[in-house]
Every structure is written in C-alpha cells, then in structure tokens.
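Visitor: sequence plus predicted model, see below.
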Amino acid sequence: MKNRFPVYYINSRRPYASLELGRQLCSLTRDLDPQKEPPVILCIGTDRVTGDSLGPLVGTFLSAYERGNRIQVYGTLDYPVHALNLEDTWEHLKKRHPRSHIVAVDASLGTKKHLGYITLGQGSLKPGAGVQKNLSCVGDFFITGIINTSVPEGQTALQNTRLSSVADMACCIAHGLLYAFCPQALAAASRLRG
C-alpha cells in the first residue's frame, strides 16, 4: 500500500534512538482525536524464524509494563500474531478497540544502507511483503525494524539474522513506544534500577 505520509528513519544503533522514536511517535499522534482511547500495539511475527521474531520480542518487552499502564499489547513470544492468525486478530482488534488507533510493529527487509534502521509512519503496513506473502494491510501507524537486506530469497535472509541484533532493535522499539505512551512506566523502572 502506497503511503502518502512521510516515513521517518531512525538508526537503532545511535545512543538516543529510542528517545528519538518516542518523540517522533508523539509528534505523529499529537493531533489525534482526544476522544480516542489509548493506542493499541499490534506486534507481528513468529519466534520460529529469528528475523521474524522482532514483533513478538517487542510485545514481550512491552508486556512487562502493561499492567496498570493502560497499554494494550497483542503479539508476544507466548501468543504471537502471525500469518495464520493475523486476519482474525485484526478483526478482533477492530471490534474490541473501536476507539483506539493501532500501531503495527513488524520486521522488514531493506537496503544495505538502512540495515539496523527503524521506520515509523502514519498509515498501514503490509506484513509478509518481503517474503512474498499476500496478507492484509493493518494498522493506523507503523513501526518496522529493518533486520536484514532484501534479497530474492527473503525467507533465507530472515532465518539467517542474528538474534542479538533483533533483540537489541526490539528493546529500542519497546522503549520508544514507552516514551511515547507510558513515560511514567519508564520513570518507575529507572527508579527501581537506580
């Protein structure tokens, strides 16, 4: 689906990447309808393929902060949202959270110069496009992590991605979402660590 809004690229390896992601996301969502409920985070992928585990890792990291923070997360390592259940989950979200915007999070393949970058934008994303899967577009906003380079054998690229780089990017994205939607949760966690 062609996106008519700007797409932001954030280098996840930079020291303040999660803060930059949080600020850009706040900027994108600032003018949302105040009558809307808090956004719902839809994390897409499976833990059966290393590169495709970005979404479930983000969901699992966010779930640690979910209780008491009004953040709704779908798609974790224990309960992934993937090609086989995406349609049903999307329909469920639209019925259960009709007054919430959906932020869709997924792994993606890209150019070598964008490897390790996070993309953020308004509009939907099309999961599975890098591996020639024909899935429905989902989300009102999207966040993707470019975890490997795009090659004709996309599935091979996903399978040969280092877990450590996927986990680092997932942590960055999770913190960016928390900066945007639950800054008090991050502040509380910092006090516990300090």
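Guide: Arrived safely, thanks for sending.
Visitor: hang on, residue 117 packs against residue 110?
Guide: Yes. Look at residue 117 against residue 110 with Cβ atoms under 8 Å: they come within range, at 7.2 Å. C-beta: built from backbone N, CA, C; applies to glycine.
Visitor: tell me which residues in the top helix by length along the chain are buried?
Guide: If you go by DSSP state H, the chain has its longest helix at helix 163-181. Using 16 or more other Cβ atoms under 10 Å as the test for burial, helix 163-181 gives 165-166, 168-170, 172-181.
Visitor: of all these, which comes closest to residue 133?
Guide: Taking Cβ to Cβ as the measure, residue 166 is the one of the buried residues of helix 163-181 closest to residue 133, at 18.9 Å.
Visitor: would you map the helices across the chain?
Guide: So, for the chain - with DSSP H - the helices run 17-29, 54-66, 86-96, 154-159, 163-181, 183-193.
Visitor: nearest residue to residue 179 in space, please, no chain neighbours.
Guide: In space, and not counting its chain neighbours, residue 179 is closest to residue 22: 2.6 Å by Cβ to Cβ, 6 or more residues apart in numbering.
Visitor: number of residues surrounding residue 114?
Guide: 16 (other Cβ atoms under 10 Å).
Visitor: quick check, pLDDT for the spatially closest residue to it that is not a sequence neighbour.
Guide: In space, residue 114 comes closest to residue 146 once its chain neighbours are excluded; the distance is 5.0 Å by Cβ to Cβ, 6+ apart. Looking at residue 146, its pLDDT reads 93.
Visitor: could you pull up the residues touching residue 146?
Guide: Going by Cβ atoms under 8 Å, 6 or more residues apart in numbering, residue 146 touches 108, 109, 110, 114, 115, 116, 117, 118, 119.
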